[in-house]
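K.L.:
need a 3D model of the sequence below.
(chains A and B)
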Amino acid sequence: MNYTVLCFIYTLCAFHHTAFSDRIVSLGSAVTEIVVALDADDQLVGVDDSSLFPEIPQEVPTVGYYRMVSAEGILSVRPNLILSTEDAGPPEAIQKIKNSRVPFVQVTAEKSLQATAERIRTLGETLHKEEAAEELLVPIENRIAHPLPPLDPAPRVLFIFARGGGSPSVSGKGTGADYMIQLAGAQNAVTAFKGYRPLTAEGLIISQPDVILITQEGLEAMGGEKALWALPGMANTPAGTHKRCVVMETVFLLGFGPNVVEAADYLRNGLEL
Amino acid sequence: MRLHFVSKYPGWWLLIPLLICTLFLALSVGAYPLHPAKVADVFRRVLFQGSQTDIDAVVLLSIRLPRVLFGALAGAGLALGGVCMQTLFRNPLADPGLMGLSSGAALAAAAVTLFSSAAPTLLAHPLSMPLSAFIGGLAITSLVYRISHQSGKVRVDAMLLMGIAMNALCGALIGLLLVMADDAQLRNITFWSFGSLGRADLKSTALLGGIMLLPVWGIWRIRDAMNVLLIGEADAASMGVQVEKLKFCLVTLSCLMVGLVVAMAGLIGFVGLVIPHIARILFGVSHQSLVPSSVLLGAIFLPLVDIFCRTAVAPSELPIGMMTALLGTPFFIFLLLRTRSVA
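P.N.:
Here you go, the predicted structure:
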């Protein structure tokens, strides 16, 4: 009985999408990037602050950061489909959006190949772009079936996360960067803790990285490569002596979007040099 | 006994029509375009045809209405909490934050954010955040109160110092949690501490309104004793005021009220500190008029600021916690300078 009702609701929703989903609000860059890749960006009428992609026209308003959205703000752009990752918030605003009966689809926010594949599949179905989604899925499912062999010897990679002005952090286990480093067949130089911690000179020396991984934006915020090699303790690491670093755009490296395999290959290439 | 203070300004009741206008204005303005006539129409339909489910009604009734009412209640509560503290400390700089209420709540909120992944069944519940912020705020405040309790008396100066010490301690502990937090948690804690009225729904608004009746009524009952307390504790005692009981009432009632607001809306500064001052400048220092005028001014001020927060960068939003000070300070300085030049 329950199942029938669910099916009925789902059919209604599906019908609703086919009929009207030309005004989409997308919350979270992980979702927006897929919407863009599925060539549905012309249907966007609102995105969140983290969804910065050149394909999205300037006129599309931002509705705030996806963890702190305003229900009225989102409804004010009159969407007929709202897409978001599961970590969008605050929960009270999400509940109000759900109450508004505007079709609302949430996808996982996890950072892994499997999660990326799941996001693409769900959004492909929601936007009725199954074929385009299948195309995007091919390299990802390929990589899930045949992961890159680990490098031998596996270089120790240290990801430095720098934001404008603030002190830089390094990423430990369980972070997106940690997963990407492993995906490229290398090992994270930091295994002592989970999540991000502030970078310290002694911590840098203990971790003994062979290669520094840093985002383009982070490197610029820090003041260029020269400033990177001048970090206290850097000279006493293999990476610092040989001045080895890989620079990648933040969304490319940490977005876990449709080009996640490409990102892993790019990182792999940088590590093999 | 009742003391009489002379006020050259008209009665506080003039604020009531102003409050009604503000609430209607706040209901008519927002990111979602709703003409005032449509607002009236939705209310008419709800009254005569029962619940409505079209998008206009949803925006108005389940998003904007609770937010505006919650803002009015929160503003009233924060302002009245400020009145109590300023009277208790006989210090114009006092607000409930001085007794560790805000920092205790913020500490609890940060802890919940950080540990919710460790104990998801217990801490990921939507109620866990406001509940623990409420408990955290009251716990720190009662600790401050207990420690300043000596041989049956509460020393107000000790309470002030204790409050400052506790604020510093909570600040340090929050800092410690921030170091341990990951990026997403850091964001959540920061956003919580900015304060927002956007989390309010009809249930939480009704809850706040219902519970606030008790402290507001209680404080109104002791308004004469509060007037006498302004002269000094010893003098008040000699005039028959039960000073210790009064102090206990002031702390309990104001912290219950402000703790609830902080728990539901996060940190909203400035209101508790400055609204009572504005009320004093406009309507005189007697609590006979100070209590109702602070309540009304707070209830007018916060929804007004929230209108700005909701519309300035629509469809995005500004956090109200900082806008209260940003918009209120110039007005306060203007008022202060003007009264000085008159005097």
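K.L.:
and A:Gly233, what does it touch?
P.N.:
Contacts for A:Gly233 (CB atoms under 8 Å, 6 or more residues apart in numbering or on different chains) come out as A:200-205, A:240. For glycine as for every other residue, the C-beta is placed from the backbone atoms N, C-alpha and C.
K.L.:
same thing with A:Gln187?
P.N.:
Contacts of A:Gln187 (CB under 8 Å, 6+ apart): A:154-157, A:181.
K.L.:
near chain B too, which of the residues you listed?
P.N.:
By CB under 8 Å from any CB of the partner chain, no member of the contacts of A:Gln187 lies near chain B.
K.L.:
quick one, which of those are buried?
P.N.:
By neighbour count, with 16 or more other CB atoms under 10 Å in any protein chain shown, the contacts of A:Gln187 hold A:154-157, A:181 as buried.
K.L.:
who's in contact with whichever residue of the stretch 151-273 of chain A sits closest to chain B?
P.N.:
The stretch 151-273 of chain A approaches chain B most closely through A:Gly195 (4.1 Å), counting by CB to the nearest CB. Contacts for A:Gly195 (CB under 8 Å, 6+ apart) come out as A:171-175, B:181-182.
K.L.:
so for it, what's the pLDDT?
P.N.:
Looking at A:Gly195, its pLDDT reads 81.
K.L.:
before we move on, the earlier item: let's see which of the buried ones among the contacts of A:Gln187 end up in helices.
P.N.:
Of these, the ones assigned to helices by DSSP state H are A:Ile181.
K.L.:
need the buried ones among the contacts of A:Gln187 in TSV with distance to B:Trp217 and pLDDT, can you?
P.N.:
Converted to TSV, the buried ones among the contacts of A:Gln187 look like this (distance: CB to CB, whole Å; pLDDT from 0 to 100):
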residue	distance to B:Trp217	pLDDT
A:Ala154	70	93
A:Pro155	70	95
A:Arg156	67	96
A:Val157	64	96
A:Ile181	62	96
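K.L.:
any chance of the buried ones among the contacts of A:Gln187 in TSV, with distance to B:Val216 too?
P.N.:
Shown next, in TSV, are these (distance: CB to CB, whole Å):
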residue	distance to B:Val216
A:Ala154	66
A:Pro155	66
A:Arg156	63
A:Val157	60
A:Ile181	58
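K.L.:
show me the shaky parts of the chain.
P.N.:
If you meant another chain, say so; for now it's chain A. A:1-20, A:164-166 (pLDDT under 70).
K.L.:
try again with chain B
P.N.:
Using pLDDT under 70, chain B drops low at B:1-10, B:119-124, B:341-343.
K.L.:
now the residue located most distally from the centre of it: how far from chain A?
P.N.:
Distance from the centre of chain B peaks at B:Gln49, with 35.7 Å (CA atoms, centre = their mean). Going from B:Gln49 to chain A by CB to the nearest CB, to the nearest Å gives 18 Å.
K.L.:
next: B:Pro66.
P.N.:
From B:Pro66 over to chain A the distance is 9 Å, taken as CB to the nearest CB.
K.L.:
quick one: that residue and A:Ala71, what's the gap?
P.N.:
Here the criterion is CB to CB, to the nearest Å. By it, B:Pro66 lies 11 Å from A:Ala71.
K.L.:
now do B:Leu160
P.N.:
41 Å.
K.L.:
between those two, which has more neighbouring residues?
P.N.:
Between B:Leu160 and A:Ala71, A:Ala71 has the larger neighbour count (other CB atoms under 10 Å in any protein chain shown), namely 28 against 19.
K.L.:
quick one: residues contacting the more buried one.
P.N.:
Contact partners of A:Ala71, counting by CB under 8 Å, 6+ apart, are A:93, A:96-97, A:100, B:63, B:198.
K.L.:
just give the closest residue to it, not the sequence neighbours.
P.N.:
Spatial nearest neighbour of A:Ala71, chain neighbours left out: A:Lys96 (3.9 Å); criterion: CB to CB, 6 or more residues apart in numbering or on different chains.
K.L.:
so what's B:Asp183 closest to, chain neighbours aside?
P.N.:
A:Tyr196 (6.1 Å).
K.L.:
could you tell me how many residues sit around the one you found?
P.N.:
Per other CB under 10 Å, the neighbour tally for A:Tyr196 reads 20.
K.L.:
would you mind listing what in chain A touches chain B?
P.N.:
Counting by CB under 8 Å from any CB, chain A comes close to chain B at A:46, A:49, A:61-65, A:67-68, A:70-78, A:87, A:89-93, A:95-96, A:99-102, A:175, A:195-198.
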